[in-house]
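Q: After the sequence you'll find the predicted model.
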Amino acid sequence: MVACGRRFGKTETGKILAIERALGGRVVWWISPTYRMAQDVWRSLRATLAGAWTEKNESMREITLPGGGLIRVRSGHDPDALRGSGLDLAVLDEAAYLHPDVWAAAIRPALADRRGEALFLSSPNGRNWFWSLYMRGQNAAQAEWKSWRFPTAANPLIAASEVEAAREHVPERTFRQEYLAEFLDDAAGVFRRVESTATGAPEDGPQPGERIIFGVDWGRDGDFTAIAVIAADRRRLVALERFNEIGWALQRGRLAALAARWGPEAIWAEANSIGGPNIEALQAEGLPVVAFTTTASSKGPLIDGLALALERGDLTLLADPVLIAELQAYALDRLPSGRFRYGAPPGMHDDTVIALALAWHGVQAGSAGISFV
């Protein structure tokens, strides 16, 4: 069991052992969480071996080496498809993101008749089944199991400055899990220091000459429309509106009335789905609306920016119970691809979280490069 940080060298470690065993005539399987990841490993393995095989089957992703040993690269998305053959070695890549049945129901029985080995390589993913097996390796009474943990910095090819740069740009929880390879409690949320920063009271209007930034997350029926108002120079959330079950025209009217009171420099609004037409209508009325399109690649930096601000005490929040509850419940899951998925738990909302994140993004962006058309 090897828990390691990003860019530690998991794939190279696994390839060394897999090739060594196959050159000794052993049967080796490499199992990755997804088909795409399996393809990436297959290409890397072919490049490393550089033709030093006796047979290669592209459709099976299988290489036979001199001496009769073979390496087959498989996807673990369907555990039942992995049942069958006896194995000498199984390399479970990003094991924390594999279904537990891959190990328990498919791979472990396949190792039994040959008394085979297993190498688990992964970044942590909370305290799931990978963590449970890792802990066996920390128990001297479990002689069949051994475990190690290597942070990213243990790779001598990674400059220390790269790791420190990552620390500055990602939330602490992400850094601890992805770079320090720590097993964190699954209950830990994305945002820290929420209650300690929620000391502000709502205000009625801006102070003379100060910059005001809005963030808007649209909703109508099941979800809420939320509007966060930040006094940029004071780094302070000064107003928060939240409503639903009303038509779009009335929602735009409420936003326009709020803008008339506060005079925002910019209104950062989510452009997805119904956001586009609403933004166009507001811009036609002369409001300084900036469209923000939420995608898998843009949402992470948006949320990370807010998380960092709260961790460092750079933003004061309102003591609003809905906002506090949504921030504390907001969750992060790391996908096998290495990307992160952020969102509210089932049955909860994240409207105020997104509105606040958009407003803070606007504060950080400033006026450079903003276009309101």
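A: Great, that's in hand.

Q: Name the surrounding residues that touch stretch 8-18.
A: 2, 4, 28, 30, 41, 44-45, 48, 71, 89, 91, 93-94, 119, 121-122, 150-152, 154-155, 157-158, 181 (Cβ atoms under 8 Å, 6 or more residues apart in numbering). (Glycine included, C-beta is placed from N, CA and C.)

Q: just the buried members of those?
A: Buried members of the contacts of stretch 8-18, counted by 16 or more other Cβ atoms under 10 Å: 2, 4, 28, 30, 41, 45, 71, 89, 91, 93-94, 119, 121-122, 150-152, 155, 158, 181.

Q: Show only the entries of the contacts of stretch 8-18 found in helices.
A: 41, 44-45, 48 (DSSP state H).

Q: So which of these is the closest to Met135?
A: Compare each of the ones in helices among the contacts of stretch 8-18 with Met135 using Cβ to Cβ and the shortest gap goes to Val41, at 26.8 Å.

Q: residue contacts, that closest one?
A: 11, 30, 32, 73, 93.

Q: what do you get if the cut-off is 6 Å, keeping everything else the same?
A: Val41 sits next to 30, 32, 73 when contact means Cβ atoms under 6 Å, 6 or more residues apart in numbering.

Q: just Leu70 next, same as before
A: 27, 62, 64.

Q: Please tabulate those residues in TSV, including the columns distance to Glu168, neighbour count and pLDDT.
A: As requested, those are arranged in TSV below (distance: Cβ to Cβ, whole Å; neighbours: other Cβ atoms under 10 Å; pLDDT from 0 to 100):
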residue	distance to Glu168	neighbour count	pLDDT
Val27	46	20	94
Glu62	44	17	94
Thr64	48	16	95
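
Q: picking up where we left off before, just the closest of the contacts of Val41 to Arg176, please.
A: For the contacts of Val41, the nearest to Arg176 is Ser32 (24.5 Å; Cβ to Cβ).

Q: per-residue pLDDT, the closest one?
A: Here, the pLDDT recorded for Ser32 equals 93.

Q: number of nearby residues for it?
A: Look at Ser32: counted by other Cβ atoms under 10 Å, it has 27 neighbours.

Q: need the contact list for it.
A: Ser32 neighbours (Cβ under 6 Å, 6+ apart): 38, 41, 93.

Q: Kindly state the beta-bridge partners for it.
A: Beta-bridge partners for Ser32, by DSSP bridges, are Ser75.

Q: wait, is Ile63 part of a strand?
A: Yes - looking at Ile63 with DSSP: H, G, I helix; E, B strand; the rest coil, it is inside a strand.

Q: ok, for the residue of the chain most remote from its centre, nearest residue in space, not its chain neighbours?
A: Most distant residue from the mean C-alpha position of the chain: Gly67, 42.6 Å away (Cα atoms, centre = their mean). Excluding the flanking residues, the one nearest Gly67 by Cβ to Cβ, 6 or more residues apart in numbering is Gly25, at 4.7 Å.

Q: check contacts around that neighbour.
A: 67-69.

Q: Out of these, which comes closest to Asn244?
A: Of the contacts of Gly25, the one sitting nearest to Asn244 (Cβ to Cβ) turns out to be Gly69, at 62.3 Å.

Q: Tell me the confidence at the closest one?
A: At Gly69, pLDDT is 94.
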